[in-house]
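> The sequence and its predicted three-dimensional model are supplied below.
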Amino acid sequence: MILPCPPLDRSEALRYLGVRGKAPDDITALLERAEALLCEKVKPRYVWRAVDPPDFPGEDLARHLAGCRTAVLFAVTLGQESEELFRRAQSGDMALAVTLDAAASALTENCCDLAETEIQKAFPDRYFTFRFSPGYGDLPLSVQRDMIRLLNAERLIGLTVSPSDMLLPQKSVTAILGVSDAELPKARQGCALCRMREQCQYRKAGEHCGF
């Protein structure tokens, strides 16, 4: 399914760039250019599937889905178009390439929010956990292979997994939502509470899993 290109969360893009406070004019101009290119060229897509709570490795996901009779697996990607934008920028304008990378990371999260909103419409009067991605807690990145297979994501949205368990195209996310008939207690979130924070691949890349 195709998603409309949502407005870019520029504060999030600046965070990926390591910019705190008010951005200098040159960075603001680069970010505006990057946003315009992304919204012109990329075609965000997503796919989802409702399943019984999956028996994936680790304890954290099971704890996360406690009280949920249904889980939703979903994947979002900016598509190959985003990869082509980066390659062109890298060959001639590294400042733009770096800005595009940050803006695309933020846009991917925006698209996840939009996909999540659309998915929730299919479950009226139900309650949802926040999204939980492979690589968070003790849920290994290797689970992405099972998720891609279960979602038929390679055929439907062109999403694959590299030998090192990273998603391709890179600006993509897989995640799991819990769906419950009853209101769920608010779970604690954040890197400080994650048992895998020292080994987290997202933190090592200067990013986060959205938790």
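Happy to help now that I have it. Numbers count the residues shown, from 1 in each chain.
> What segments of the protein are helices?
Along the chain, the segments classed as helices by DSSP state H run 10-17, 25-41, 60-64, 80-90, 94-120, 143-151, 153-157, 201-204.
> can you tell which of these is closest to residue 184?
helix 60-64 (9.9 Å; CB to CB). In this view, the C-beta of every residue, glycine as well, is placed from N, C-alpha and C.
> for the record, mean pLDDT for the closest one?
Across helix 60-64, pLDDT averages out at 94.
> Summarise which helices and strands that helix is packed against.
strand 172-180 (3 or more CB pairs under 8 Å, 6 or more residues apart in numbering; DSSP states H and E).
> Mind exporting the C-alpha coordinates of the strand it packs on to PDB?
The C-alpha trace of strand 172-180 is given here as PDB (Å, rounded to 0.1, in the frame of the first residue of the first chain):
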ATOM      1  CA  SER A 172      12.800   1.000   6.100                       C
ATOM      2  CA  VAL A 173      11.400  -0.200   9.400                       C
ATOM      3  CA  THR A 174       9.700  -3.400  10.600                       C
ATOM      4  CA  ALA A 175       7.700  -3.300  13.700                       C
ATOM      5  CA  ILE A 176       5.100  -5.100  15.900                       C
ATOM      6  CA  LEU A 177       2.000  -3.700  17.500                       C
ATOM      7  CA  GLY A 178       0.000  -5.400  20.200                       C
ATOM      8  CA  VAL A 179      -3.800  -5.200  19.900                       C
ATOM      9  CA  SER A 180      -6.000  -5.700  23.000                       C
END
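> Measure how it sits relative to helix 80-90, angle-wise.
140 degrees (axes from the mean of the first three to the mean of the last three CA atoms, to 10 degrees).
> From residue 125, how far off is the residue of the chain most remote from its centre?
Centroid-distance maximum for the chain: residue 25 at 28.5 Å, with CA atoms, centre = their mean. In this view, residue 25 and residue 125 are 48 Å apart by CB to CB, to the nearest Å.
> Also residue 161?
In this structure, residue 161 and residue 125 are 35 Å apart, going by CB to CB.
> Tell me which residue is most central in the chain.
Centre-nearest of the chain using CA atoms, centre = their mean is residue 173, 3.5 Å out.
> looking at the chain, which helix or strand does the model trust least?
Ranked by mean pLDDT, DSSP states H and E, the weakest helix or strand in the chain is helix 201-204, scoring a mean of 54.
> Comparing the helices of the chain by mean pLDDT, which bottoms out?
Among the helices of the chain, helix 201-204 scores lowest, at a mean of 54.
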